[in-house]
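K.L.:
What follows is a predicted structure for the sequence shown.
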Amino acid sequence: MQTAVDLAKETAEASTELQKQLQKVLKTVTDFATKYAKENKEAIPIAIGIVDTFKFEETANIYEQQNKLIAEAKKSKSRH
């Protein structure tokens, strides 16, 4: 049982770190596309396409599921 709890905790910690890194990547891409479009007006459709490509519709759902996993791992840890 302790192994499962430890694995859940590791998974939750890794998921948290992945969330942070994904948010950084999305911000970097969005900032780049915005700056690129400001410098080159003809590139606005390209910049919009870049941003849209990285705006995953399921991102909120992924974060929600990861947060549930993290919460469950914390509950399991506190019980053992």
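P.N.:
Structure's in. What do you need?
K.L.:
Show me the shaky parts of the protein.
P.N.:
1, 54-58, 77-80 (pLDDT under 70).
K.L.:
Tell me who's in contact with Leu74.
P.N.:
Actually, residue 74 is Lys. It isn't Leu. Lys74 makes contact with 9, 12, according to CB atoms under 8 Å, 6 or more residues apart in numbering. For the C-beta atoms, the positions are set from N, CA and C on the backbone; glycine is no exception.
K.L.:
sec struct for it, please.
P.N.:
Secondary structure assignment for Lys74 (DSSP: H, G, I helix; E, B strand; the rest coil): helix.
K.L.:
Neighbours of Ala33, how many?
P.N.:
By the measure other CB atoms under 10 Å, the count of residues near Ala33 is 21.
K.L.:
ignore the last one, Ala12
P.N.:
21.
K.L.:
So it is in contact with Lys68, correct?
P.N.:
No. Counting by CB atoms under 8 Å, Ala12 stays clear of Lys68, with 9.8 Å between them.
K.L.:
how about stretch 4-22 as CSV, C-alpha atoms only?
P.N.:
Extracted C-alpha coordinates of stretch 4-22, given in CSV (Å, rounded to 0.1, in the frame of the first residue of the first chain):
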residue,chain,number,x,y,z
ALA,A,4,1.0,3.0,-4.2
VAL,A,5,0.9,6.1,-2.0
ASP,A,6,4.5,6.9,-2.9
LEU,A,7,3.9,6.5,-6.6
ALA,A,8,0.7,8.6,-6.4
LYS,A,9,2.7,11.3,-4.6
GLU,A,10,5.5,11.2,-7.2
THR,A,11,2.9,11.3,-10.0
ALA,A,12,1.2,14.3,-8.4
GLU,A,13,4.5,16.2,-8.0
ALA,A,14,5.5,15.4,-11.6
SER,A,15,2.1,16.6,-12.9
THR,A,16,2.4,19.8,-11.0
GLU,A,17,5.8,20.5,-12.5
LEU,A,18,4.5,19.6,-16.0
GLN,A,19,1.6,22.1,-15.5
LYS,A,20,4.1,24.8,-14.6
GLN,A,21,6.3,24.1,-17.6
LEU,A,22,3.4,23.9,-20.0
